[in-house]
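Q: okay, predicted coordinates and the sequence, questions at the end:
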Amino acid sequence: MPTPAPALRVTVLRSVPARRATVHVAGELDLDSLAPLREALHRCLSAGISTIDIDTRDVTFCDVRGLNLLLIAARRAASAGGVLTVRRPSASVARLLDLTDTTDYLIPAPGPPPAAPGHAPSAAAGYAS
């Protein structure tokens, strides 16, 4: 009997003021494991967070369903005047973005992430999913 893949781990760190969040994702991001990330992104967007950085350096696999979730969330963020970006993509995420020609849509130009006007981001208030 095959061993099931480890559960997707999602950690959300909110900045102060809470208009920015970093979402760290670890494990396999596919159809069977999307729920924790979907819920975390929904909570962020519903809470009015305008800037969401997705850290995928620890994602070992991402299929098109995972990519679709990121694209939908990015579109939702943009329609609310915000932005969702993928930061530190793992090799598998970077390859998927390259193959689907979505790199420019989800990964910002090189450089430090933009700070909210008059505020420096910090990971002071966080919660985990």
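A: Perfect, thanks for sending it.

Q: count the residues that sit near the closest residue to Thr56 other than its chain neighbours.
A: Leaving aside its sequence neighbours, Thr56 sits nearest to Val93 (Cβ to Cβ, 6 or more residues apart in numbering; 4.5 Å). For the C-beta atoms, the positions are set from N, CA and C on the backbone; glycine is no exception. Using other Cβ atoms under 10 Å, Val93 is surrounded by 26 other residues.

Q: isn't Val93 up against Ile54?
A: No - in terms of Cβ atoms under 8 Å, Val93 does not count as a neighbour of Ile54; the distance is 9.1 Å.

Q: find the residues that touch each one of those two.
A: Val86 (Cβ atoms under 8 Å, 6 or more residues apart in numbering).

Q: is Thr56 in a helix, a strand, or coil?
A: Classification of Thr56 using DSSP: H, G, I helix; E, B strand; the rest coil returns strand.

Q: and for it, the neighbour number?
A: Neighbours of Thr56 (other Cβ under 10 Å): 25.
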